[in-house]
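Asks: Here is the input, now give the coordinates:
(2 chains)
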Amino acid sequence: MMLEVENLNVHYGAIHALKGVTFHLQEGEIVALIGANGAGKSTTLNTISRLNKPTAGDIRYRGASIVETPPQDIVTKGIVQVPEGRRIFPKMSVVENLEMGAYIFSDRQRIEADIEMVFGKFPRLRERRKQLGGTLSGGEQQMLAIARGLMARPQLLLLDEPSMGLAPIIVEQIFDIIREINQQGTSILLVEQNAQMALSIADRGYVFETGKIVLEGDAGDLLEDPMVKEAYLGGG
Amino acid sequence: MNKQSLQKSAGSGLVFGIIVIFLALIGFTVVFSGLIQKVLGQSLGVGQIPSISNFFIFLGFLGIWNGWRASRQDKHETLTLAKVLMRAAVAGLSAGVLVMLYGFVVGGLDARGTDMRKYLSMLSSDSIKFFLFNQSLVLGGLIHVGFSTLMALVGGLLAFGSERSQQQVRTNRTKIQKWSQSTWLGKVQGNPYVTYVLMGIVLLLLVLLPRTWGAYWNYVMGTVGIYVLLGLGLNIIVGLSGQLVLGYVAFFAIGAYTFALTTSPEPHNLVWNFWIALAVSVVAAALSGILIGLPILRLRGDYLAIVTLGFGEIIRILLKSDILKDFTMGPRGVRNIAGPTLFGRSFTSDVDFMYLIILAVLLSIFLAKRWQESSIGRAWLAISQDETVAQATGVDTQKYKLLALSLGAAFAGLGGALFASRNQFTGPEDHALMVSINVLVLVIVGGMGSIPGVVLGAFTLKGLPEILRELESYRLLVFGALLVVMMIIRPEGLWPARRPKLEVPVGQDNEPVPLPATAGGEK
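Replies: Have a look, this model is predicted:
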């Protein structure tokens, strides 16, 4: 089992944000976490990458608990998060952003080869390589954020709302790339409000509601589920 | 003549009238006129009203500015002389009439014997008479109207002239650029030998100047040097790692007091060797940076600023208090602090100190530059731009923030030790909040994250006030004004940090081409 999350609880001060979340991810899967705003999806991701601290519960990566691992070591273990809202380094160039992504590596040649690799996936970024991150368009920034994530050579990629605020046609491209990354061997945990899009590329999905998982199953089944249809896919 | 544009001119004139009235109400008309008088080299006693001619100079500047602004409402239209003069006259007239009305009100009340200082402490009878040029109510008011209009017309003419010459300047500039690229000037740029020669000249000046320019200049430039040290340190904390620390003076104080207490016969009778004490001071400051950093690491932005602000004050108050009196001599401060010695010889002349400070500055610049350009610097940059993302890419943000704090504090410790040693004295009041603000301002004015910016900022903010000694008491005013002006015209600082520039000029293949065509790559 690649990732097991067991009875995860998170508090923000007095707010009980996650109330005993349990799910898992197999090697090579795309798993989608869907649900409304404030349901706890992003909190789950942030807790896995240790930007948050859980109050109770366990997270196991390849069998070993990572609840006490500091965030920088999580990255070294191969779990990389692409945070919500196209967060890139606005005053660094595209190349510098990518180099930051490879911060945990020091082998110059390997980093350069990896930059070439992500430029192959995102030709748009090659055109803009000297441009400052903050001057890119929204879609380009999201691409850069994902590309920067790839630079750390993740085995498990945590994607937080990659479709947020982007035009439908760009969302489709981004999801194509996500599928491609997965086919090349990276497991993906995807948080999305765009349930339709997320379930269409995912193997399995979990539906979050107010800090709990209320439904789980194969992505195809969830797409057909009347409750999911009602709540997240704009009715039957 | 367009009615709307005249209305605009009248509006902008009224704004200027209000500015003049406001300045008069808070007594700045008198202060500024006095300032002009001092700058012109005439003496002025405390509380004395300056001469009327300086008030005219002051009003003249405002009036010219008024006319200049009013006549340049729209950047895109071509100005004709008639248009310009008309607009300037309207602006000057409306400003003048408004000011005259104000003069009637305060002058009239003053004539009836009302003491306006009850309401506004600056409105003494003298200052009101000064405002009316020591003339009668009506005559004073008319002078205001006339002078304001006249000056606005001058401003309009200047605007007209500059507009005309601007076009000329633009063509000349391209010519000069072309010329300089084709001659030796263009070839010299970017040639490494030129850099070496320039560095050689600077070094030679640094060796020669302290010997030649006398004790006063060594004192002034020594202060500048110490502020360069402080600026380099705060630049690491604020400019590079992006932590807004307002209590930086605490580290300066810790350096100065560590040095003082280990080398002065009083109160502990520890008379350590200069160099050992210096090293210990730097280490003590660096450690204090870590100690202070640990509890506040989770704070960001405003909260960090407030907490560190408090911390700086706590250190000063502790040093001053009776609690530590036996340990730090309380408000009296520590005297007889040792100067530098080398092989048993003492080097305490102003020239020696200048050399010592220059050495410390050069060493610090070298170190700061190395750190900034290393992977540490990259980590700091990432933290300052987005701490969460930096963490998500594997940067140990806690470690690097602490590192920035302690390295920055070390520079302050070095500066503090040299400062105490040079003055042979240090007391709590050497470490007031104003030091933190000075250093922060010099970092911002110089350009956040830029080492040459720090040097330039220190010269501007510590060197210039010494040179313009007369303006010393207005330094706070000048600081505020300088900061505001900087933020408007050069938000990135005098000598901004060099960031990667766009290699592809905008407008070629960098145009916002519709994204879909190429973005996805192979699918």
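
Asks: buried residues in stretch B:150-163?
Replies: For stretch B:150-163, burial by neighbour count (16 or more other C-beta atoms under 10 Å in any protein chain shown) applies to B:150-160. Every C-beta, even on glycine, is put in place using the N, C-alpha and C of the backbone.

Asks: which one of the residues you listed is nearest chain A?
Replies: B:Ala159 (34.6 Å; C-beta to the nearest C-beta).

Asks: Give me the phi and psi for that closest one.
Replies: Dihedral pair for B:Ala159: phi -60, psi -40, per degrees, to the nearest 10.

Asks: got a list of what B:Gly423 touches?
Replies: Actually, residue B:423 is Asn. It isn't Gly. Listed by C-beta atoms under 8 Å, 6 or more residues apart in numbering or on different chains, the contact partners of B:Asn423 are B:337, B:430.

Asks: where does it sit relative to B:Leu319, distance-wise?
Replies: 15 Å (C-beta to C-beta, to the nearest Å).

Asks: ditto for B:Ile489
Replies: As judged by C-beta to C-beta, B:Ile489 and B:Leu319 stand 40 Å apart.

Asks: higher neighbour count, those two?
Replies: B:Leu319 (26 against 7; other C-beta atoms under 10 Å in any protein chain shown).

Asks: burial of the nearest residue to that one once chain neighbours are set aside, as a residue count?
Replies: Distances taken as C-beta to C-beta, 6 or more residues apart in numbering or on different chains place B:Pro428 nearest to B:Leu319, at 4.3 Å, with adjacent residues excluded. Using other C-beta under 10 Å, B:Pro428 has 21 other residues around it.

Asks: Excluding chain neighbours, give the residue nearest to B:Leu299 in space.
Replies: B:Val307 (6.0 Å).

Asks: The one you found: which element?
Replies: Secondary structure from DSSP states H and E places B:Val307 in helix B:301-320.

Asks: Mind exporting the C-alpha coordinates of the next helix or strand after that helix to PDB?
Replies: Using DSSP H and E, the next helix or strand after helix B:301-320 towards the C-terminus is helix B:325-328. Only the C-alpha atoms of helix B:325-328 are listed here, as PDB (Å, rounded to 0.1, in the frame of the first residue of the first chain):
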ATOM      1  CA  LYS B 325      22.300  48.200  37.400                       C
ATOM      2  CA  ASP B 326      25.200  46.200  39.000                       C
ATOM      3  CA  PHE B 327      25.600  44.300  35.800                       C
ATOM      4  CA  THR B 328      25.300  46.900  33.100                       C
END
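
Asks: tell me which residues of helix B:325-328 are tucked away?
Replies: B:Thr328.

Asks: What of stretch B:196-212?
Replies: Neighbour counts over stretch B:196-212 (16+ other C-beta under 10 Å) mark B:206, B:210 as buried.

Asks: if you average pLDDT over that stretch, what comes out?
Replies: Confidence for stretch B:196-212, expressed as mean pLDDT, is 85.

Asks: Leaving out chain neighbours, which residue sits closest to B:Gln48?
Replies: Closest to B:Gln48 by C-beta to C-beta, 6+ apart is B:Gly34, at 7.9 Å.

Asks: Need the residue closest to the centroid of chain A.
Replies: Centroid check for chain A by C-alpha atoms, centre = their mean gives A:Leu159 as the closest residue, at 1.2 Å.

Asks: Under a three-state scheme, what state does that one occupy?
Replies: strand (DSSP: H, G, I helix; E, B strand; the rest coil).

Asks: Remind me what the lowest-mean-pLDDT helix or strand in chain A packs against, helices and strands.
Replies: Lowest by mean pLDDT, DSSP states H and E among the helices and strands of chain A is helix A:226-232, with a mean of 82. Here helix A:226-232 touches strand A:30-35, helix A:195-201, strand A:204-209, going by 3 or more C-beta pairs under 8 Å, 6 or more residues apart in numbering or on different chains; DSSP states H and E.
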